[in-house]
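K.L.:
Model the following, please.
(one chain, ligands or ions: 3)
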Amino acid sequence: MAAEKMLPQIFKFVDQNVESYKALLKEAVAIPSVSCDPKYRKECIRMAHWMQNKLKEVGASTELRDVGFQTIDGNEIQLPPVVVGSLGNDPKKNTICVYGHLDVQPALKSDGWESEPFELVERDNKLYGRGATDDKGPVLGWLHAINAYKGIGEELPVNLKFIFECMEESGSEGLDELLMEKLKPEGFFDTVDYVCISDNYWLGTTKPCITYGLRGISYYFLEVECAKMDLHSGVYGGTVHEAMSDLIYLMNTLVDKDGKILITDIYKSVAPLLESEKKLYNSIDFDPEAYRKSIEAHKLPHNGVKEELLMHRWRFPSLSLHGIEGAAFQPGAKTVIPGKVIGKFSIRIVPNQEPEEVEKLVFDYIHKKWAERGSPNKMRITAQSGRAWTENPDHPHYQAAARATRLIYQTEPDMSREGGSIPVTITLQEASGRNVLLLPMGAGDDMAHSQNEKLNVRNYIEGIKLFAAYLYEVGKLPK
Ligand SMILES: C[C@H](N)C(=O)N[C@@H](Cc1c[nH]cn1)C(=O)O
Ligand SMILES: [Zn+2]
Ligand SMILES: [Zn+2]
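P.N.:
Ligands and ions are numbered 1, 2, ... in the order given. As a prediction, the model looks like this:
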């Protein structure tokens, strides 16, 4: 069928199937595939099986690849399998490798959700539920786009390969090894021409973007132990060196009130800002005041200057303090001295910071501060890290995605970077040796990881059309 006719037919098919797309997302959201909590590991495994079946239903050949075990507190825990698949092997067609993740961040209604997080609910044309935008909606978008071609009786314009994991929110354990030591030697990437990931968001709420950079992440667990058990503060207070005081001391040495990281030499290897790069930020559509209002922040740092905010979100490192395990976080006046506390913080790392180098700087700094503290308690710090990634956005692959975006949204997409991390992206770039592109489905106010995560119905449905148009545009690229 001629292109002018085929895509409009696909779009019509998509519009006719909106309810079934919502229903499938509801099914996926109902599986609480929280990867960071071993309590939910069975659900992550169930999620991988669910996805394998869905891929089979669209005609893909699939397998579940075992990636071994994870050690938590000395216990070996089975990692969820990675869903690997392929659809089509026509040597005349381009092949796209699509990656996505099926695991989610934890969520409880009591965190402040308006409805049950694992029950997809529609309110005001928005689909609320954990994983709706990160990343179950986008992953299902690929299935629906494939189905739409089938639905109008058309062949897919490309061959597809799939990698769907269930540990992305927890450092993608085991995935790099699967890619580099198994799939690559087996020839999985030999026919891959392009890699596409839909696991980030537009910068704002109206303008689409295509993303060519991600920050990496270096995540730390800082443990201080003063006793083998929690202690009554009335009985033991004044007679022990408290672990919590030591931890707060250490955590308070990491970053100043304006967000400047205080770790010695941490900025040393950050890629210098070039004049040519500086200019890129001027043209990006980003309204700091709307951004501030959307999160109800009192004031933004960097004097609220657009370019500065974007640079500090995309190309400079930031350090966040996340929480303390073992602390009395529940409501009520608990009078306990915790025996052991684990402070959690992370640094979003950027080109040209390497995780090993950052980890060493952090460890050295913490050990120095610990020596200065002079506490007799036991202190231990561990880390898990993923690298930053950037790509060439002038590549024909990006031009194809821009054409698809213009067709769906009738506007020129911004070329953006992303402050978040998808640890496997750079590994996919290295394993395939091909151009990698991030094609976001959701909007900038979707609140991934937060309370009331949502995906706009419009973003979901137009996103499915965008994926279908992207497959078509990549299909036209010379082989
Ligand atoms: C951008 C992506 N959707 C995402 O949310 N990634 C996580 C990855 C991560 C790594 N360690 C823990 N989570 C993120 O950026 O936080
Ligand atoms: Zn996430
Ligand atoms: Zn994600």
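K.L.:
three-state assignment of I77?
P.N.:
Secondary structure, DSSP: H, G, I helix; E, B strand; the rest coil: I77 is strand.
K.L.:
And for it, the neighbour number?
P.N.:
I77 has 11 neighbouring residues, counting by other Cβ atoms under 10 Å. All C-beta spots, glycine's among them, are computed from the backbone N, C-alpha and C.
K.L.:
I'd like to know how far it sits from ligand 3.
P.N.:
Applying Cβ to the ion, to the nearest Å, the value for I77 to ligand 3 is 21 Å.
K.L.:
Surely that residue touches P38?
P.N.:
Yes: counting by Cβ atoms under 8 Å, P38 is a contact partner of I77 at 5.1 Å.
K.L.:
Output the set of residues of this structure in proximity to ligand 1.
P.N.:
Proximity of the chain to ligand 1 (Cβ under 6 Å from any ligand atom) is limited to residues 134-135, 168-169, 171, 199-200, 217, 219, 420-423, 448.
K.L.:
hmm, 8 Å instead?
P.N.:
Neighbours of ligand 1 within the chain, by Cβ under 8 Å from any ligand atom: 36, 101, 105, 134-135, 168-172, 199-201, 214-215, 217, 219, 346, 348, 384, 386, 418-423, 448-449.
K.L.:
For ligand 1, what is the nearest residue in the protein?
P.N.:
In the chain, the residue found nearest to ligand 1 is G420; the distance is 3.2 Å by Cβ to the nearest ligand atom.
K.L.:
wait, that residue sits on G216?
P.N.:
No: using Cβ under 8 Å, G420 is not in contact with G216; the gap is 10.1 Å.
K.L.:
hey, what's in contact with both of these two?
P.N.:
Common neighbours of G420 and G216 are listed as R348 (criterion: Cβ atoms under 8 Å, 6 or more residues apart in numbering).
K.L.:
Neighbour count for the two, which is higher?
P.N.:
Using other Cβ under 10 Å, the more surrounded residue of G420 and G216 is G216, with 24 against 16.
K.L.:
who in the chain is up against ligand 3?
P.N.:
For the chain, the residues in contact with ligand 3 (Cβ under 5 Å from the ion) are D134, D135, D199.
K.L.:
Just name the shakiest helix or strand of this structure by mean pLDDT.
P.N.:
Least confident helix or strand of the chain, by mean pLDDT, DSSP states H and E, is helix 275-282 with a mean of 90.
K.L.:
Next, the buried residues of the helix or strand just after it.
P.N.:
Counting by DSSP states H and E, the element after helix 275-282 in chain order, helix or strand, is helix 288-295. Neighbour-count burial for helix 288-295 flags P288, Y291 (criterion: 16 or more other Cβ atoms under 10 Å).
K.L.:
Helix 275-282 and the next helix or strand after helix 288-295, what's the angle between them?
P.N.:
Going down the chain from helix 288-295, the next helix or strand is helix 306-314, by DSSP H and E. Put simply, helix 306-314 runs at 100 degrees to helix 275-282, going by axes from the mean of the first three to the mean of the last three Cα atoms, to 10 degrees.
K.L.:
For Q78, list the residues it contacts.
P.N.:
Counting by Cβ under 8 Å, 6+ apart, Q78 touches R41, I45, F69, Q70.
K.L.:
related to what we said a few turns ago, ok, the residue of the chain closest to ligand 1 - contacts?
P.N.:
N200, L214, R215, R348 are the contacts of G420 under Cβ under 8 Å, 6+ apart.
K.L.:
I45: neighbouring residues, count only.
P.N.:
Residues contacting I45 under the criterion other Cβ under 10 Å number 17.
K.L.:
do the same with the one 4 residues further on
P.N.:
Here the count is done by other Cβ under 10 Å, and H49 has 14 residues near it.
K.L.:
same deal with D90?
P.N.:
Look at D90: counted by other Cβ under 10 Å, it has 12 neighbours.
K.L.:
three-state assignment of it?
P.N.:
coil.
K.L.:
swap in A328?
P.N.:
At A328, secondary structure determined by three-state DSSP is coil.
K.L.:
And F221, by the same measure?
P.N.:
Applying three-state DSSP: F221 is strand.
K.L.:
ok, so what distance separates it from F13?
P.N.:
Using Cβ to Cβ, to the nearest Å, we find F221 at a distance of 48 Å from F13.
K.L.:
Just to be sure, the residue of the chain closest to ligand 1 is in a strand?
P.N.:
No: applying three-state DSSP, one finds G420 to be coil, outside a strand.
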